[in-house]
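Asks: Give me the fold of what follows.
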Amino acid sequence: MRVAMGAQMVNLYGLVKSSRSVELSFEVGDIAPQAALDFIRRYHHIEPRALLFVNESVGHVVSCDRHFSDAFVAADPFFQEFLIPYGLRYATAIKAYEDDHKVVFCGVHRGVGRAPLSDDEEAMVRRLGAHLVQALAMYFKLQAQSGPAFIGIETLNRLPYPMLLVDETRRLVFKNDLARELMASSELVHSYQGLLCGPDAQGDAQLLLALRSLGLSAGAYLGQATTPVSDKAFVRLQNSKGQWLGLHCHALRPAESMGAFGAKDLALVLLHEPGALAEPDPFVVAAMWDLSPAEAQVMVGLGRGLTPQDMAAQRGVSLATIRSQIQATMVKTGASRQAELVSLLSNMLPVLV
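Replies: Here you go, the predicted model:
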């Protein structure tokens with residue numbers, strides 16, 4: 001389907017109706033794996049296109065350009081903060097499967113700068129989709145379902161950063177290959193009897209306090225009811241040699257992450273090695289200052305010497321949109337001028353101390 005449509009990406013996406021947790025996720029094409037994680041963590045809540053299918057039958061096809069005007073797209077945060085910064089713009093989707101438990105969609109996505117599907121191409125999606133409808137009906141009939149798949153785990157495996165999942169007690173639930181390699185060679189972070197540990201007792205205490213600040217076990221700690229709960233925390237582990245490692249911890253709550261990481265509150269931990277990246281990475285920058293994908297890309301773009309006009313032309317959005325994202329980035333980072341944003345990128349260490 002991707003080749004036939006000249007699409008940037010084609011994806012299958014399934015939801016459990018009762019909980020809106022992820023039942024199925026599969027995609028082919030040119031799209032960063034970070035997009036899947038950002039969608040699960042934050043942007044599925046404001047996805048405007050799914051509502052077009054609520055009362056439609058299996059086999060129904062919808063093209064977003066026929067329902068959302070350019071004016072709507074220019075003002076909608078799902079498009080401006082998430083979809084367009086990741087290079088996608090138009091989508092034509094078919095409801096490919098539905099039963100009492102779940103619903104599955106197939107989306108054909110074209111990128112920024114491309115035209116939406118024509119009438120003839122949409123008709124081809126309908127014809128190819130009919131075969132997909134039959135295939136999925138056979139697949140789910142043959143497959144014994146055992147509850148929502150942990151789609152989030154597969155997403156973390158594909159990300160080019162060392163990442164962990166831990167619970168409120170520091171118990172390691174998952175580590176991807178890059179995290180496993182780093183922990184095997186690092187003097188700053190390791191596992192002991194299944195627990196995430198720092199270089200010393202003080203580091204272990206830092207980790208516990210950071211995880212507790214996320215409120216992963218609501219009401220389980222004395223005084224937590226009166227203590228503000230955060231969605232993120234940063235830990236800077238350092239040893240006697242002056243070496244250090246940053247841990248960006250983000251709360252993953254099932255109700256907010258579509259159950260993609262299971263039914264228990266966990267912390268997603270991004271390990272940040274100073275000097276590991278040749279230049280600032282938008283995903284790491286977003287984690288550091290809690291920016292949207294669009295805001296992080298704008299900040300990194302300024303660091304690379306791009307002008308707001310350059311970035312507006314690259315994305316195919318208005319100059320006003322880019323300026324608004326720059327202003328939001330300055331508010332979140334505490335910068336008063338664009339030059340300060342560039343300075344923050346070039347000198348991250350003082351920010352993390």
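Asks: Can you say which helix or strand has the spatially most central residue of the chain in it?
Replies: In the chain, the residue lying closest to the centroid (CA atoms, centre = their mean) is residue 38, at 1.4 Å. According to DSSP states H and E, residue 38 maps onto helix 33-41.
Asks: Buried ones in that helix, by neighbour count?
Replies: Across helix 33-41, burial judged by 16 or more other CB atoms under 10 Å covers 33-41. Using the backbone N, CA and C atoms, a C-beta is placed for each residue, glycine as well.
Asks: Which strands border the next helix-or-strand element following it, and is each parallel or antiparallel?
Replies: Later in the chain than helix 33-41, the nearest helix or strand by DSSP H and E is strand 61-63. Partners of strand 61-63 in the sheet, by DSSP bridges, are strand 88-98 (antiparallel).
Asks: Kindly export the strand it pairs with (C-alpha atoms) in CSV.
Replies: The C-alpha trace of strand 88-98 is given here as CSV (Å, rounded to 0.1, in the frame of the first residue of the first chain):
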residue,chain,number,x,y,z
LEU,A,88,3.6,14.2,8.1
ARG,A,89,0.6,16.2,6.8
TYR,A,90,-2.2,14.4,5.0
ALA,A,91,-3.8,11.1,5.9
THR,A,92,-6.4,8.8,4.3
ALA,A,93,-7.6,6.1,6.7
ILE,A,94,-9.8,3.1,6.6
LYS,A,95,-11.6,1.4,9.5
ALA,A,96,-10.1,-2.0,8.9
TYR,A,97,-11.6,-4.1,11.8
GLU,A,98,-14.0,-3.8,14.7
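Asks: Taking helix 33-41 as reference, get the angle to it.
Replies: 60 degrees (axes from the mean of the first three to the mean of the last three CA atoms, to 10 degrees).
Asks: low-scoring stretches of the stretch 1-150 of the chain, by residue?
Replies: 19, 21-23, 143-150 (pLDDT under 70).
Asks: what are the ranges of the strands in it?
Replies: Secondary structure of the stretch 1-150 of the chain (DSSP state E, counting those that start in this stretch): strands at 9-16, 22-29, 61-63, 88-98, 102-111.
Asks: and of those strands, who's closest to residue 141?
Replies: Across the strands of the stretch 1-150 of the chain, residue 141 has its closest neighbour in strand 88-98 (10.6 Å, CB to CB).
Asks: Between strand 9-16 and that closest one, find me the angle.
Replies: With the same axes, to 10 degrees applied, the angle from strand 88-98 to strand 9-16 works out at 50 degrees.
Asks: Strand 88-98 versus strand 102-111: what angle between them?
Replies: Put simply, strand 88-98 runs at 160 degrees to strand 102-111, going by the same axes, to 10 degrees.
Asks: which ones are touching residue 91?
Replies: By CB atoms under 8 Å, 6 or more residues apart in numbering, the residues touching residue 91 are 49, 63-64, 107-110.
Asks: can you count the residues close to the closest residue to residue 241 other than its chain neighbours?
Replies: Counting by CB to CB, 6 or more residues apart in numbering, residue 187 is the residue found nearest to residue 241 once chain neighbours are left out, at 7.7 Å. Counted with other CB atoms under 10 Å, the neighbours of residue 187 add up to 12.
Asks: Isn't residue 187 up against residue 242?
Replies: No - between residue 187 and residue 242 there is no contact under CB atoms under 8 Å: 11.4 Å.
Asks: re the thing from before, right, and the strands of the stretch 1-150 of the chain - which one's nearest residue 231?
Replies: strand 22-29 (19.8 Å).
Asks: Show residues contacting that closest one.
Replies: With CB under 8 Å, 6+ apart, strand 22-29 has contacts from 2, 7-16, 36, 40, 101-102, 104, 109, 148-149, 151-152, 154-155, 258-260.
Asks: Throw together a PyMOL command that grabs the buried residues out of those residues.
Replies: To isolate the buried members of the contacts of strand 22-29 in PyMOL, using 16+ other CB under 10 Å:
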select buried, resi 2+7+8+9+10+11+12+13+14+15+16+36+40+102+104+109+148+149+151+152+155+258+259+260
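Asks: Pull the residues that contact stretch 294-303.
Replies: 80-82, 84-85, 279-283, 285-286, 289, 291, 310-311, 322, 325-326, 328-329, 332-333, 338, 341-342, 344-346.
Asks: And stretch 67-77, by the same measure?
Replies: Contacts for stretch 67-77 (CB under 8 Å, 6+ apart): 46, 48-49, 52, 79-80, 292, 317-318, 321.
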